Structures are given as structure tokens and as C-alpha cells.
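1. Sequence first, then the predicted structure:
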Amino acid sequence: MRILIVGGGTAGTILANNLARRLAHELKEGKVHITLLSASDKHMYQPGLLYLAVGRMTPDELYRDQASLLEPGIHFHVDPVEHFKLDEKQVTTKSGRMVGYDILVIATGSRMYPEGIPGLAEHAETFYTEASALKMFKRLQSFEGGKVVIAVGVPHKCPMAPLEITFMLHDYFKDRGLLDKVSIHYTYPINRVHSLENVAKWAVPEMERLGITYETFFNMKEVDGDKKVVRSEEGSEVPYDLLITIPAHRGMEVLEKNGLGQNGWLPTHRTRLNLEGYDHVYVIGDTTNIPISKAGSTAHFEADTLGENIAAIVRMGAPVREYDGKVFCFIEAGKDRATYAMFNYQTPPDPKSPTRAVHWFKVAYNKLYWVSARGLL
Ligand SMILES: Cc1cc2nc3c(=O)[nH]c(=O)nc-3n(C[C@H](O)[C@H](O)[C@H](O)COP(=O)(O)OP(=O)(O)OC[C@H]3O[C@@H](n4cnc5c(N)ncnc54)[C@H](O)[C@@H]3O)c2cc1C
């Protein structure tokens, strides 16, 4: 049985390791072959970018060699897929390699799409890549006061990042003694400050306590860099001195080019995780169109479910589990307090008051991620 995983991020790495351990016997006997194709020889811990942007992590802490994270027996190649020939059960790669499979898993992640809003890429800071997070940090260091506006597009990965960066900025300016010269204004596209109702209910008093103002129903339309204003589809115009954005995301362009899904989001069964119309093609991580949070934990729990199912298919010819929509997200509420949200398809999150203990748990997880990527946690 040939298992091909495309994408060596959180989802693809955890799944490959999970399968290599579950199917160690079959791998040794040559009955199973696991191939992982990715676009980079480095693996990035993306949540670290949040800390990089406010000077609390350094770039070297964010990376490991991808090969060093993988169990023996996994055939790993840095060779991005360019063509998915699903009906022929085959992909072709940038280098011209043709790889056939019996089971295909697509886990190519997502990307920011600031191009959808005129002026956004040119005039706003963001922190969703190493380069942009470093640029934002340098901009913050030279910022001496004024109106900071946070503008959010949906969908985007990491549901909590808009709130986290807002609270972390508050503490960053506090530490620099600038709070009396800085105002922070948070905007969000729907009729509350977060897509998850209970998270929104939790966040509003936190914002009010810290003097952070907010505006809902703010769907970015354009950024006018000369006048330093961001305008919304709803007709609002917000002036800024420093604009920070989390732009709307899309799936990877290669999927659009192959005619798969809309805007790169692949139509995925919410519990079985197969690509609609294909029994032997699965989708996990940010790339799915399942309306749940695009988060590393989602990728992790989906990979756990799929690992168990693929091993069962190899051994018994049928899957044994369904993905229940489980997500777990820490929420940093400043530089030294945090809470968390845990939820699934049936049960909404219920975040509690932030504590130092949860913050330190998150700080520890920032290191433990590498154990998690190996599928050991
Ligand atoms: C600032 C920030 C903070 C975050 N904080 C959190 C947090 O606190 N908690 C949380 O749970 N999540 C968080 N996330 C989200 C989390 O990082 C992502 O949801 C997670 O990485 C998704 O995993 P994935 O495997 O789907 O995609 P990724 O991890 O992005 O991996 C995609 C992989 O696909 C590869 N690839 C792309 N194109 C191809 C191709 N054509 N062929 C082969 N391979 C390809 C890439 O090289 C990459 O290895 C955060 C993200 C950011 C940016």
C-alpha cells in the first residue's frame, strides 16, 4: 500500500510519524510505503511568530530541519507537487518526479491573501511570516505614540491571533512606558469581536478593562496610505498611525491551478476527512473547507484521527473513527496571562479568566511543540 502525504507542516508531519509508528511492522516488511513531499527542508513553529513580532522570541527558535522530525522509514523529499492527477492516482512534482499512490493526503496549509484589499499589503504591518514579523517588530520599536488599528480579514489561520496580538501590544506599549501616548482600536468583520460567541463574550470585558476600543461589522475595503485611513465595506473610515492586519487567507495556489476547491479550500467531509467524491484522497489541516478554526491543534487532532483510520484501512480494509471537530487553542491575554478555548462540533468553548499558570503552560508548549510534531504528545 503506497501512502503519499503532500505537505510537511503540522498536519503532514504528525500524520507521517503517526503512521510510521502504527505501521512499523508493515513498513519493515515492505507492505507499506510512506512518502512525504514538501516545499521546504525547514519546519516552522508558526505560533512563535506572534512572539517574534513583539521581541519575545528570535527567528532561530522557530525552526527545525524537517528531516530531523521524521520517524525512520518515511521517504521524505523536498519537491513540491505541481499537478494532482486524482483520476490516475498520481502526482507530478516540480523536479518532474511522478509519484503514484493508493492513499493520498493533501495537507498543504494556507497563505495570506492581502492582495484582495487595495493598499493593504503596502501600508499595513503583519506577522504571519518571519520577514513580516521582523519588519513589524522594527516598526514597533521606532513607534513613539499614536493610534494603532488592528484590522482582520476572514478566513485566516489561528483564530485567536487577532485578540492575542491586541492584548500583547497593550503590554508591549505598557513596558515601553507609552500607554498614555498610544490608543489601540480593534476591528472585526462580523457583529461581535470574535467568530466564536463565547470567546467574544470573554474578550469584550478584557478589552474594556485595558482601555482597548473596538468596532464590529468592519470588513476591510481599502487602505488609503496617503490619508492614513482604512475604510470598510460598511462605510466606516478609521484613521491610523500604525495599521496591523491579519489578512484573509486562501488555500495554496497549486490547488486552484489544478481546479481543486474554491480559493484553494478543498471540499472535505467533516468527520471522515476525505475529499468529496474520492474515497482514497484525504485532506487535513488548514486546507480543508470545514467551517472550524484553522489551527495547529485542529491539524493535530485531524492527523491523529486519520492516522488511526489509515492504519485500520491497511489492516482491516475500513476506517474506525470519525473526527469530532476537536480544537484546543491557548489565548494569550497579554505578556504574562493566558486562557484557553477547547471545543468540538457539539460543545462550544468556554474560556475562563486568564491566569499566569496557563500563560506558563503556553510558554512550555512553545518548546514542547517539537515533541508534538513528532506525534509523541
Ligand atoms: C502567527 C501565527 C500564530 C499561530 N498560533 C497558533 C496557536 O497558538 N495555536 C494553533 O493551534 N495554531 C496556531 N497557528 C496556526 C497553525 O500554525 C496552522 O494552523 C498550522 O500550521 C496548519 O497546519 P498545516 O499542516 O495545515 O499547514 P502548515 O503547517 O502551514 O504546512 C503546510 C505545508 O505544506 C507544504 N506545501 C505547500 N505547498 C506544497 C506543495 N505544492 N507540495 C508539497 N508541499 C507543499 C509547506 O511547505 C508546508 O510544509 C498560528 C499561525 C500563525 C501564522
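-> Looks like it arrived, so ask away. All figures in this text were calculated on a predicted structure; none of them were measured in a lab.
2. and the next element down the chain from the helix or strand Lys174 falls within?
-> Here Lys174, judged by DSSP states H and E, is contained in helix 161-175. Towards the C-terminus, the helix or strand next in line after helix 161-175, according to DSSP H and E, is strand 182-187.
3. circling back to that earlier point, helices and strands around the helix holding Lys174, which ones?
-> Using 3 or more CB pairs under 8 Å, 6 or more residues apart in numbering; DSSP states H and E as the contact definition, the elements that helix 161-175 packs against are helix 48-52, strand 146-152, strand 182-187, helix 197-210, strand 242-246, strand 327-332. Every residue, glycine included, has its C-beta placed from N, CA and C.
4. give the contact list for the residue in the stretch 151-300 of the chain that the ligand sits nearest to.
-> The stretch 151-300 of the chain approaches the ligand most closely through Gly285 (2.1 Å), counting by CB to the nearest ligand atom. Shown here is Gly285, whose contacts under the criterion CB atoms under 8 Å, 6 or more residues apart in numbering are 7, 9-12, 107-109, 294, 298-299, 302-303.
5. filter the residues you listed by proximity to the ligand?
-> With respect to the ligand, and counting by CB under 6 Å from any ligand atom, the subset of the contacts of Gly285 in contact is Gly7, Gly9, Thr10, Ala11, Gly12, Ala107, Thr108, Gly109, Lys294, Ala299.
6. What's the per-residue pLDDT of Glu122 here?
-> The pLDDT attached to Glu122 in the predicted structure is 98.
7. Kindly report the same for Met168.
-> At Met168, pLDDT is 98.
8. how about the residues of the chain near the ligand?
-> 6-12, 37-40, 46-47, 49-50, 80-81, 107-109, 127-128, 157-158, 161, 252, 254, 285-287, 294-297, 299, 329-330.
9. In helices only, show me those residues.
-> Judged by DSSP state H, the residues of the chain next to the ligand include Thr10, Ala11, Gly12, Leu49, Leu50, Ala161, Val254, Gly296, Ser297, Ala299 as members of helices.
10. now these in CSV, with pLDDT?
-> As requested, those are exported to CSV (pLDDT from 0 to 100):
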residue, pLDDT
Thr10, 98
Ala11, 98
Gly12, 98
Leu49, 98
Leu50, 98
Ala161, 98
Val254, 98
Gly296, 98
Ser297, 97
Ala299, 98
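11. Now the two most distant members of those residues.
-> Distance extremes for these: the farthest pair is Leu50 and Val254 at 27.0 Å, using CB to CB.
12. Quick check: which element contains Asn366?
-> Following DSSP H and E, the helix or strand that holds Asn366 is helix 356-373.
13. buried residues in that helix?
-> Of all the residues in helix 356-373, those buried under the rule 16 or more other CB atoms under 10 Å are Val358, His359, Lys362, Val363, Asn366, Tyr369, Ser372, Ala373.
14. Then stretch 66-76?
-> So for stretch 66-76, counting by 16+ other CB under 10 Å, buried means Gln66, Leu69, Leu70, Glu71, Gly73, Ile74, Phe76.
15. Stretch 233-242 now?
-> Burial within stretch 233-242, assessed by neighbour count using 16+ other CB under 10 Å, is assigned to Val238, Tyr240, Leu242.
16. contacting residues around Met342?
-> With CB under 8 Å, 6+ apart as the criterion, the residues that contact Met342 are Lys326, Val327, Phe328, Cys329, Pro349.
17. ok, now which ones touch the second one?
-> Okay, so that is Val327. When contacts are counted by CB under 8 Å, 6+ apart, Val327 is found next to Ile292, Ser293, Ala295, Ser297, Thr298, Phe301, Ala341, Met342, Phe343, Asn344.
18. go with 10 Å
-> For Val327, the contact set (CB atoms under 10 Å, 6 or more residues apart in numbering) comprises 159, 196, 292-302, 341-345, 349.
19. can you check the last one too?
-> With contacts defined as CB under 10 Å, 6+ apart, the neighbours of Pro349 are 159, 194, 196-199, 202, 293, 327-329, 331, 339-343.
20. same check, this time on the first one
-> Contacts of Lys326 were listed using CB under 10 Å, 6+ apart, and they are 292, 297-298, 300-302, 304-305, 342-345, 347.
21. Sitting in strands, which of the residues you listed do you find?
-> Counting by DSSP state E, the part of the contacts of Lys326 found in strands is Met342, Phe343.
22. Kindly supply the ChimeraX command isolating those of the contacts of Lys326 that are buried.
-> Buried residues within the contacts of Lys326, as defined by 16+ other CB under 10 Å, are selected in ChimeraX through the command that follows:
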select :292,297,298,300,301,302,304,305,343
